[in-house]
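Q: Structure of the sequence below:
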Amino acid sequence: MYEEPKTISAEHYSSKMKVRKQIRFLKALAETGNVTKALQMAIVKRGRWQHWMKSDIAFQERYEQAKEMAADRLEEEAWRRAVDGYDDHVTYQGKAIYHEYPKGHPRAGELMTDWLGDPIPITIRKYSDRMLELLLKGHRPEKFRENIEPQSAFRGGVLIVPMVSGTPEQAALSWEQQLEEHRKASQLTIEHQPAIPVPAENKELITAKAKKDTTEKAKKPTTGGPVVNG
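A: Residues are numbered from 1 along each chain as shown. You can find the predicted model right below:
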């Protein structure tokens, strides 16, 4: 009995194409860790990716998983360079050096080649101390990370302010408070200065001079207007 082929709706077809494109993009992102390169590999426009990120919750979750997979690959490569080491080509005057057949060999003086016919370079095993340091700080932060607690103090006219976390408004407020404290500390008035003790032998001289100045001021005639003799 003849049966008509089932028709696929445009909506169903569009949904399947969307899922396929998302899968291609997520695989590329997990391999490269770069959104731009993943979009190019999956042939997806950036605007479409941005639309998925805003409207598709399931895609957002898979996107974060792909990023974690890319980060794991980076950590694996860092571990390899730090612990297992890597082969680096030996160079002389900026040029790579290749293995040659030794003396006594029928092909002495010629370059050794691999099964593809490419010359075999001379390599040396190297390890990355910097990668090892970063891995130790990441896996054992309580032991290897440089935990320096910043202190806020006013020394030698220089304001040392610790880093402030939180919202920009909170950070700005904290800066203003510390600057205000610095301003108050720098504006010392005479009233805040400690009193300077006066030697006892100089007190009499100071008192006598004050009385003399008062007497001379009293003797001076006023210049407010003409003097009329009665």
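Q: who's in contact with residue 41?
A: Residue 41 is in contact with 24, 25, 28, 32, counting by CB atoms under 8 Å, 6 or more residues apart in numbering. Just so you know, the C-beta spots here come from the backbone N, C-alpha and C atoms, and that holds for glycine as well.
Q: Strands along this protein, start to end?
A: Under the criterion DSSP state E, the chain carries strands at the ranges 86-89, 91-92, 95-96, 123-126, 153-155, 158-160.
Q: Pop the domain breakdown of the protein in here.
A: Per the record, the chain has its domains at 14-80, 153-188, by automatic domain parsing.
Q: circling back: comparing the strands of the chain by mean pLDDT, which bottoms out?
A: The weakest mean pLDDT among the strands of the chain belongs to strand 153-155, with a mean of 46.
Q: Check the contact between residue 89 and residue 121; I expect there is one.
A: Yes: contact between residue 89 and residue 121 holds when scored by CB atoms under 8 Å: they sit 4.9 Å apart.
Q: which residues are common contacts for these two?
A: Joint contacts of residue 89 and residue 121 (CB under 8 Å, 6+ apart) are 96, 97.
Q: In terms of neighbours, single out the busier of those two.
A: Of the pair residue 89 and residue 121, residue 121 is the one with more neighbours under other CB atoms under 10 Å, namely 16 against 12.
Q: if we can go back for a sec, comparing the domains of the chain, which yields the minimum mean pLDDT?
A: Among the domains of the chain, domain 153-188 has the lowest mean pLDDT, at a mean of 55.
Q: How about residue 32, nearest residue that isn't a chain neighbour?
A: Spatial nearest neighbour of residue 32, excluding adjacent residues (CB to CB, 6 or more residues apart in numbering): residue 38 at 5.7 Å.
Q: Pretty sure the one you found sits against residue 22.
A: No: applying CB under 8 Å as the test, residue 38 and residue 22 come out as separate, 11.0 Å apart.
Q: Give me the neighbour count for residue 38.
A: By the criterion of other CB under 10 Å, residue 38 has 22 neighbours.
Q: Which parts of this structure are helices?
A: Using DSSP state H, the helices of the chain run over 10-32, 35-42, 46-55, 57-79, 129-139, 141-144, 168-186, 200-219.
Q: can you state the direction angle for the fourth one and helix 35-42?
A: So the one you mean is helix 57-79. Angle of helix 57-79 versus helix 35-42, following axes from the mean of the first three to the mean of the last three CA atoms, to 10 degrees, is 110 degrees.
Q: Tell me the buried residues in helix 57-79?
A: By neighbour count with 16 or more other CB atoms under 10 Å, helix 57-79 contains the buried residues 59, 62, 63, 66, 70, 78.
Q: Is it possible to get JSON lines of these that adds distance to residue 110?
A: Shown next, in JSON lines, are those (distance: CB to CB, whole Å):
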{"residue": "59", "distance to residue 110": "57"}
{"residue": "62", "distance to residue 110": "54"}
{"residue": "63", "distance to residue 110": "53"}
{"residue": "66", "distance to residue 110": "48"}
{"residue": "70", "distance to residue 110": "44"}
{"residue": "78", "distance to residue 110": "39"}
